[in-house]
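Colleague: I would like to see how this sequence folds:
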Amino acid sequence: MVLSTSSLPGRALLTVLSLGLLSSCIHKKYETPITKNTQQPDKVLFDQAMRDIEHGRYEVARISLQTLMNTYESSEFMAKAKLAIADSWFREGGGNGLAQAEAEYKDFELFYPQMEESAQAQSRVCDIHYKQMDRADRDELQIVAAERECKDLVTQYPNSKFVPAGLQKIRDIQELMAEHEFAVGNFYWRREMNPAAANRLNSVVDQYPLYSKAGEALFEAGDSYSKMGSRFRRQAGETFARIVRDYPLDPRAQDAKDRLTELEMPIPAADEAALKRAQWEKENYRKPGMMAKSMSMVKGGGPDVSRAAKSGAPTMTDPKRTMPASIPVVNNAEVASNSAPATGTTDVSATPLSATGGALDTKPDARTADGAAATPPTPAAGTQAAGATQAAAASTAPLPTNRDKDLAKMREVQAKKQAKLNKKKKKNTDTAAPAAPDASASPAATPAATTPAATSPVVTTPGASPLAPVSKQP
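Modeller: Got it, this is the predicted structure:
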């Protein structure tokens, strides 16, 4: 058989292709170590730690993560491992666990401030103190710490997704802080310590305007001002007007209008923004159900923040120290030059005494109960003069104190004791005084004991004592 020479090149080509395919099947394809399915040691440790955290094996997980951080210092899982250690302490809970978690979260923020997870770490720190808060009548340590950390979250990471939840936590926290201050002010108000009550209750609303009992606090503050005398009439009216204007749906709004009518002061119109916010809060209020109450009892009776505001900007500044309006403030050129707003009564000044004496010698003592009433004001002609006289009398009236009620009761008791003592002294004097003899009576009416014949004779015997009485013989 003769082969055709024309088919040889085709066969050779086929043989070469077959050998190439066979060689490609013998050698394995090169695998890059940087793929998501690779088994890198640091990733193996990280994944194992995540599984341990999910199954509650926190100590084992922390050992794996610590090994990763100490062995692979340039690993891409370094930051995530440090955050995972903090999360393991947070999940473990307890006093010691939460304290360790806070320290780890703070370290993460210090080492990685530009990462997105830093906002999450700060949010967890806020949650640590928020979950440990107690009721408003207990220790405020965790409440104050929670407010500080949540404020740091909002101010340091304003664009974070955790900010809305942080703002709501701040509203809840400030509801408890305002409740604590209101309880103190209400204590003063019920005992008629009016200067302290007015100062505390008014500052509550100034610092926490979103407080659910702001209307009640302002009403008690206005009532305290009205009991402090006519010189505080303006403050009482402004306080009642603030209820009507800023808290129109508050239960005390109608009572505030009645008090303004009694004071003959104008009733302001309700602020539209305040009215809309109050209506929205009323419509979106959700009363805590049985499940929430049961969980609160199981957890040890945590604070109830269901009445906290759900809208509005919370206060982001620290509370300022206020001074009761009854405390005098020096009114001189130094205060005027500093242009510092005075919160007290600016009616104190210092002037040298003249040689002929001054107000100390001519005016009554303001410390006495009737010192202001000792010099009655002269009647003036006309309404304007009468108003000026009343204002002058109010300015000279003694400043109120927190013990006015106790002092009045003490004076009343002392007055009763003094009256009883005077009555007893007068009775003893009338009893001890001898009766004056009656000049119209006859001499025979005088007692017989004063006549010489009425005296019995004394008989003495020789040898006997002249003082010894001797009985008569029959």
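Colleague: number of residues surrounding L275?
Modeller: Neighbour count of L275, defined by other Cβ atoms under 10 Å: 16. For every residue, glycine as well, the C-beta is placed using N, CA and C.
Colleague: element containing it?
Modeller: helix 272-283 (DSSP states H and E).
Colleague: pLDDT of that helix, averaged?
Modeller: Averaged across helix 272-283, the pLDDT comes to 93.
Colleague: do the same with stretch 406-420
Modeller: Stretch 406-420 comes out at a mean pLDDT of 84.
Colleague: ok, back up a step: who are the packing partners of the helix holding L275?
Modeller: Using 3 or more Cβ pairs under 8 Å, 6 or more residues apart in numbering; DSSP states H and E, no helix or strand is in contact with helix 272-283.
Colleague: got the buried residues for that helix?
Modeller: By neighbour count with 16 or more other Cβ atoms under 10 Å, helix 272-283 contains the buried residues 274-275, 277-278, 281.
Colleague: quick one, what contacts D172?
Modeller: Contacts for D172 were tallied using Cβ atoms under 8 Å, 6 or more residues apart in numbering; they are 130, 305, 308.
Colleague: swap in P195?
Modeller: P195 neighbours (Cβ under 8 Å, 6+ apart): 224, 228, 324-327, 400-402.
Colleague: thinking again about what came up before, going by distance to D255, which of the buried residues of helix 272-283 wins?
Modeller: Closest approach between the buried residues of helix 272-283 and D255, by Cβ to Cβ: A278, at 16.6 Å.
Colleague: ok, the residue lying closest to the closest one once chain neighbours are set aside - contacts?
Modeller: Spatially, and ignoring its direct neighbours in sequence, A278 is nearest to L249 (4.2 Å; Cβ to Cβ, 6 or more residues apart in numbering). Neighbour list for L249: 275, 278-279, 282 [criterion: Cβ under 8 Å, 6+ apart].
Colleague: which one of these is nearest to K420?
Modeller: Out of those, the member with the shortest distance to K420 (by Cβ to Cβ) is A278, at 56.9 Å.
Colleague: and the gap between the closest one and R231?
Modeller: According to Cβ to Cβ, to the nearest Å, A278 and R231 sit 33 Å apart.
Colleague: picking that back up, could I get the contacts of L249 as JSON lines with distance to Q100?
Modeller: JSON lines is the format used below for the contacts of L249 (distance: Cβ to Cβ, whole Å):
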{"residue": "L275", "distance to Q100": "48"}
{"residue": "A278", "distance to Q100": "44"}
{"residue": "Q279", "distance to Q100": "46"}
{"residue": "K282", "distance to Q100": "43"}
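Colleague: for those residues, work out which two are farthest apart.
Modeller: Within the contacts of L249, L275 and K282 form the most distant pair, 10.7 Å apart (Cβ to Cβ).
Colleague: relative to I243, how far out is H180?
Modeller: 21 Å.
Colleague: repeat for R403
Modeller: 28 Å.
Colleague: quick one: which of the two has more around it?
Modeller: Each of R403 and I243 has its neighbours counted (other Cβ under 10 Å); I243 has more, 28 against 13.
Colleague: assumed that one was part of a strand.
Modeller: No: secondary structure of I243 (DSSP: H, G, I helix; E, B strand; the rest coil): helix, not part of a strand.
Colleague: list the contacts of it.
Modeller: Contacts of I243 (Cβ under 8 Å, 6+ apart): 215, 218-219, 222, 250, 252-253, 256.
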